[in-house]
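**Student:** Compute the structure for the input listed below.
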Amino acid sequence: MFDEELVTWSVDGGGKFFYRPKSRYSITNVSGFLRVTAKEKLDTYYAWAYLFSIWLTMTFNYTEKLHPSILRERFSFSYPPLPEQKKIAHILSTVQRAIEAQERIIQTTTELKKALMHKLFTEGLRNEPQKQTEIGPMPESWEVVKLSDVCRFQSGGTPSKKNPEFWKGTIPWVSPKDMKRPRLADVEDHISQDAVESGSKLAPAGSVFVVVRGMILAKTVPVALAEVPMAINQDMKAIVPGSKLRSDFLLYALEALRENLFKKVGRSGHGTCTLMGHEVVAFKIPLPNLAAQKEIASAIQNLERKKELHDEKRTQLQDLFRTLLHELMTATTRVHELEIAE
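**Tutor:** Predicted coordinates:
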């Protein structure tokens, strides 16, 4: 992340790379900092960018200490005249400022979504009088229901690895590692229809997936909505809403009440975290009428779409930065060939 005070780049191998203003750039790992001061022939930002471009190609283990001798051995400078260095620094820092702007928008949108969800799930849409319930305040006309009253449930499984044909299909197979987005249209792994028929049940589109076992539960309870039919592994549960409950509203209700669900997570002596099936089934959510569910879900999804748009822009800018860094530092592209708007 880049700002006026500090840039932090996480890299493989446990290290981090910092750029600080005032003629200083630093390399650090768990053992502390090493500082190298740019001299008169080097622009400070250019020096940082050059070292960072080399750093990206190197591998350090978590225990290795970066002594000055290692720096002298592994880092060497090749640099153009100072005016060209400053132009390169200007181009790269321009892209970094654009990345920073996207990150600010993403952070603001994330915080706004959290605040909006809290308001909608406690106050509703029309400033209706509230009532206090066992799961918190909510509009008077809403109900509190158990998931088992308005949903059915499916468990998951993993097709046999001994049959490679099971893993050559087109049906998405979801595991906890895929639970990175609120809506899932595709995932990394796919299985065949034969695999489904062998015991890996297919959850219909509109199911809401909840991770019920694994270390990921030590920090949060991930939930996501399946936009297409999908199979799930044994560490997850599919919640299939009935006629009184919209899938998108259920997704956001579980997200809004995730802390309540998290309280039910148990931990074994081996560090495994588990959300018991009977606890998921008995979990309680607020239930307004279908029209209110639709309006609430639409308002939250609009913010999600905005965040996704800026996530994509940030990714594009990060890719651009990496490409420019490589090409400018290897002289594959010369700075006079580039022109980037602020």
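**Student:** quick one: low-confidence ranges for this protein?
**Tutor:** Counting by pLDDT under 70, the chain shows low-confidence ranges at 1-39, 58-77, 267-271, 336-342.
**Student:** Return the residues in contact with the spatially most central residue of it.
**Tutor:** Centroid-nearest residue in the chain: residue 180, 5.3 Å away (criterion: Cα atoms, centre = their mean). Applying Cβ atoms under 8 Å, 6 or more residues apart in numbering to residue 180 gives no contacts. C-betas here are computed from N, CA, C, even on glycine.
**Student:** got it, and residue 192?
**Tutor:** So residue 192 contacts 165, 166, 167, 168, 169, 170, 171 (Cβ under 8 Å, 6+ apart).
**Student:** repeat for residue 333
**Tutor:** 324, 327.
**Student:** do that again at 6 Å, thanks
**Tutor:** Residue 333 sits next to residue 327 when contact means Cβ atoms under 6 Å, 6 or more residues apart in numbering.
**Student:** Now do the phi/psi pair for it.
**Tutor:** Dihedral angles of residue 333 (phi, psi; degrees, to the nearest 10) stand at phi -120, psi 130.
**Student:** in which helix or strand would I find the residue sitting furthest away from the middle of the chain?
**Tutor:** Farthest-out residue of the chain from its mean C-alpha position, per Cα atoms, centre = their mean: residue 40, at 41.4 Å. Assigned by DSSP states H and E, residue 40 belongs to neither a helix nor a strand.
**Student:** helices or strands next to the host helix or strand of residue 111 in the packing?
**Tutor:** According to DSSP H and E, residue 111 maps onto helix 82-123. Judged by 3 or more Cβ pairs under 6 Å, 6 or more residues apart in numbering; DSSP states H and E, helix 82-123 is in contact with helix 44-55, helix 290-329.
**Student:** Quick check: nearest residue in space to residue 78, chain neighbours excluded?
**Tutor:** Spatial nearest neighbour of residue 78, excluding adjacent residues (Cβ to Cβ, 6 or more residues apart in numbering): residue 50 at 7.8 Å.
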